[in-house]
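Visitor: below are the sequence and a predicted model; questions follow.
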Amino acid sequence: MAKRTFHAAHSPLTGELAVPGDKSISHRAVIFGSLAEGVTEITNFLRGEDCLRTIDAFRAMGVHIEVNEEKITVYGKGKDALKEPSQPINLGNSGTTARLLIGVLAGLPYHFVLYGDDSLSGRPMNRVTVPLKKMGAEIDGRTGGRLLPLAIRGGKLQSIDYEPPVKSAQVKSCVLLAGLLADGRTTVIEKTPTRDHTETMLKGFGAMLDIKDERISIDGGQKLKGANVEVPGDISSAAFFAVAAALVPGSSLILKRVGLNPTRTGILDVLTSMGAEITILDEKVNGGEAIGDIRIDYAPLKGTTIGGELIPRLIDELPIVALLATQAEGETHIRDAEELRYKETDRIVAVAQTLQALGAKVEVTEDGMVIKGKTPLHGGTVDSYGDHRIGMMAGIASFVTDGAVALKNPECINISYPSFFDHLEKVTKDHS
Ligand code: S3P
């Protein structure tokens, strides 16, 4: 699939859609299930390439993991049963596998070599290797241990108190996982909250955490017990269709059983502040995670300002928000989002270039962008930059362009949303 064409289609999005399982929660369920004693059954697991990398990594350490139609079963035997892999571990494109796994490996008495694809090999790993080295792990890699491939000599770790210099759930999770395997009490200090699935799921697997204000503490040496995890729909995937419905007059779309953890729902706040009508139906809590149906009804859009504490609550949704902003009256300012530069690609540059190629008025700033709306968009050929969220943004753009959008390198969409193309067809009959 070298190129994919999205024909311009402006028919309203209606009906219901169940988006695939949450990527962050799917990764964590495999990691905790592999460290736990007992069986973990995971339903609605995201079968995207990134999460399959996490399964492969633990299989390489001897964990028996069964994948079948309706569920993933992890036969955990505790962390002491994990074995030294005989080969380097391929992390593919997956930043979450990399950062969380490194935290586990640092606490195991073995040698590991980790590598990834070109994109992952350019992403900073010092954000996790710095605290892990302070805890006693030996880690080296390219550019002084900053980049993959990395070699890890794990073993006995000491606890630390650590305030990450970046607002990152991956870094927090890495240090908490290492803390679970370390001696003593490890504390992560987090001034701006980031997604808290690690904390919630650790409790579900029987660990005790002490969470007070900005301090998240875990005592090392605790044993995890296998648990069943029903993965909610991924709000980061739902965001693409929520935005499509918000863009096309007459749309009224229901996204079913989506995770509504408040550390992830910034996209709903932004849609609402821009004028879209959002209604939450049937909300409940499942395994400590809020879940519910989201109804989006089209209404005229206006620009907004997005920054500060909101950013970690919608970091992965900023590309699709930028597309939305091109169709809103007035300016939209995205600031405090420098982290976008360290994702699968530099998403500030990739978003701006992709939208500009379709006729949008986007100005790049150091830590975000300014988008001037409302601008008619035209068709054209764009590249995914190998980044799944850029590829899907381009696909959704065809709901408002006056001609087809041809997407080069669309296969990366399988990273997080393998059924994206089928779902596009499902929500509107004449879209392909
Ligand atoms: C993730 C955290 C975020 C997010 C990524 C998944 C996680 O990264 O962008 O897609 O599962 O913890 P950072 O925490 O590094 O911002």
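Guide: Sure thing, it's come through. Numbering: from 1, shown residues only.

Visitor: let me see the contact set for residue 265.
Guide: 235, 313 (CB atoms under 8 Å, 6 or more residues apart in numbering). C-betas here are computed from N, CA, C, even on glycine.

Visitor: ugh, wrong one, I meant residue 276
Guide: Residue 276 neighbours (CB under 8 Å, 6+ apart): 242, 245, 246, 296, 297, 298, 299, 301.

Visitor: tell me which element the nearest residue to it once chain neighbours are set aside is part of?
Guide: Leaving aside its chain neighbours, residue 276 sits nearest to residue 246 (4.0 Å; criterion: CB to CB, 6 or more residues apart in numbering). Using DSSP states H and E, residue 246 sits in helix 235-247.

Visitor: equivalent analysis for residue 56, please.
Guide: helix 49-60.

Visitor: quick check: next helix or strand after that helix?
Guide: Sequence-wise, the next helix or strand downstream of helix 49-60 (DSSP H and E) is strand 64-67.

Visitor: other SSEs contacting that following strand?
Guide: Secondary structure elements in contact with strand 64-67, counted by 3 or more CB pairs under 8 Å, 6 or more residues apart in numbering; DSSP states H and E, are helix 23-35, helix 49-60, strand 71-77.

Visitor: list the neighbouring strands of that strand plus their orientation.
Guide: strand 71-77 (antiparallel) (DSSP bridges).

Visitor: helix/strand/coil for residue 127?
Guide: helix (DSSP: H, G, I helix; E, B strand; the rest coil).

Visitor: what's the closest non-adjacent residue to it?
Guide: Counting by CB to CB, 6+ apart, the residue nearest residue 127 is residue 171, at 5.1 Å.

Visitor: quick check: the one you found is in a strand.
Guide: No - remark: residue 171 does not belong to a strand; assigned using three-state DSSP, it is helix.

Visitor: pLDDT below threshold where in the stretch 101-250 of the chain?
Guide: Within the stretch 101-250 of the chain, not a single segment meets pLDDT under 70.

Visitor: mind listing the helices in it by residue range?
Guide: 118-121, 126-134, 142-145, 169-181, 197-204, 235-247 (DSSP state H, counting those that start in this stretch).

Visitor: and those helices: which comes nearest the ligand?
Guide: helix 169-181 (3.6 Å; CB to the nearest ligand atom).

Visitor: can that closest one be found next to the ligand?
Guide: Yes - counting by CB under 6 Å from any ligand atom, the ligand has neighbours in helix 169-181: 169, 170, 173.

Visitor: and those as a markdown table, adding neighbour count and distance to residue 364?
Guide: Output for those, formatted as a markdown table (neighbours: other CB atoms under 10 Å; distance: CB to CB, whole Å):
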| residue | neighbour count | distance to residue 364 |
| --- | --- | --- |
| 169 | 24 | 25 |
| 170 | 24 | 25 |
| 173 | 28 | 30 |
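
Visitor: what subset of the contacts of residue 276 is buried?
Guide: Among the contacts of residue 276, those classed as buried by neighbour count (16 or more other CB atoms under 10 Å) are 242, 245, 246, 296, 298, 301.

Visitor: what does the strand or helix carrying the fourth one rub up against?
Guide: Using DSSP H and E, residue 296 sits within strand 289-297. Contacting residues not belonging to strand 289-297 are listed as 25, 197, 200, 232-233, 238, 242, 245-246, 251-262, 268, 271, 276-285 [CB under 8 Å, 6+ apart].

Visitor: spatially nearest residue to residue 83, not counting backbone neighbours?
Guide: Using CB to CB, 6+ apart, the closest residue to residue 83 is residue 62 (4.0 Å).

Visitor: so what's that neighbour up against?
Guide: 81, 82, 83.

Visitor: buried among the residues you listed? Make that a ChimeraX selection.
Guide: Selecting only the buried entries of the contacts of residue 62 in ChimeraX, with 16+ other CB under 10 Å as the criterion:
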select :82
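
Visitor: for the stretch 51-200 of the chain, what lies in contact range of the ligand?
Guide: 96, 168, 169, 170, 173, 194, 195.

Visitor: what do you get if the cut-off is 5 Å, keeping everything else the same?
Guide: Contact residues, the stretch 51-200 of the chain versus the ligand (CB under 5 Å from any ligand atom): 96, 168, 169, 170.

Visitor: tell me who's in contact with the last one.
Guide: With contacts defined as CB under 8 Å, 6+ apart, the neighbours of residue 170 are 95, 96, 99, 100, 127, 128.

Visitor: what of residue 260?
Guide: So residue 260 contacts 232, 235, 268, 280, 283, 290, 291, 292, 294 (CB under 8 Å, 6+ apart).

Visitor: try it again at 6 Å.
Guide: 290, 292 (CB atoms under 6 Å, 6 or more residues apart in numbering).

Visitor: ok, it to the ligand distance?
Guide: 16 Å (CB to the nearest ligand atom, to the nearest Å).

Visitor: i'd like the first residue to be 21 from this point on
Guide: In the new numbering, first residue 21, that becomes residue 280.

Visitor: which phi and psi does that residue have?
Guide: The phi and psi values for residue 280, taken as degrees, to the nearest 10, are phi -120, psi 30.

Visitor: give me the domain ranges for the protein.
Guide: Following automatic domain parsing, one finds the domains of the chain at 23-41+252-451, 43-250.

Visitor: and the end-to-end length of the shortest one?
Guide: Translated: domain 43-250. One end of domain 43-250 sits 12 Å from the other (CA to CA, to the nearest Å).

Visitor: how about stretch 216-229?
Guide: Start-to-end span of stretch 216-229 (CA to CA) is 12 Å.

Visitor: quick one: distance of that stretch to the chain centre.
Guide: Relative to the mean C-alpha coordinate of its chain, stretch 216-229 is positioned 18 Å out (CA atoms, centre = their mean, to the nearest Å).

Visitor: if we go by neighbour counts, what in that stretch is buried?
Guide: For stretch 216-229, by 16+ other CB under 10 Å, it's 216, 217, 218, 219, 220, 221, 222, 224, 225, 226, 227, 229.

Visitor: got the contact list for the fifth one?
Guide: In other words, residue 220. Residue 220 touches residue 308, counting by CB under 6 Å, 6+ apart.

Visitor: same thing but at 8 Å, please
Guide: 281, 307, 308, 309.

Visitor: can I get the helices of the stretch 121-270 of the chain in a markdown table including distance to residue 411?
Guide: What follows is the helices of the stretch 121-270 of the chain, written out as a markdown table (distance: least, CB to CB, whole Å):
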| stretch | distance to residue 411 |
| --- | --- |
| helix 138-141 | 13 |
| helix 146-154 | 26 |
| helix 162-165 | 27 |
| helix 189-201 | 22 |
| helix 217-224 | 25 |
| helix 255-267 | 10 |
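
Visitor: show the backbone phi and psi for the residue nearest to residue 349 when sequence neighbours are not counted.
Guide: Computed as CB to CB, 6+ apart, the closest residue to residue 349 that is not its neighbour in sequence is residue 322, at 4.9 Å. Backbone torsions of residue 322, given as degrees, to the nearest 10, read phi -130, psi 160.
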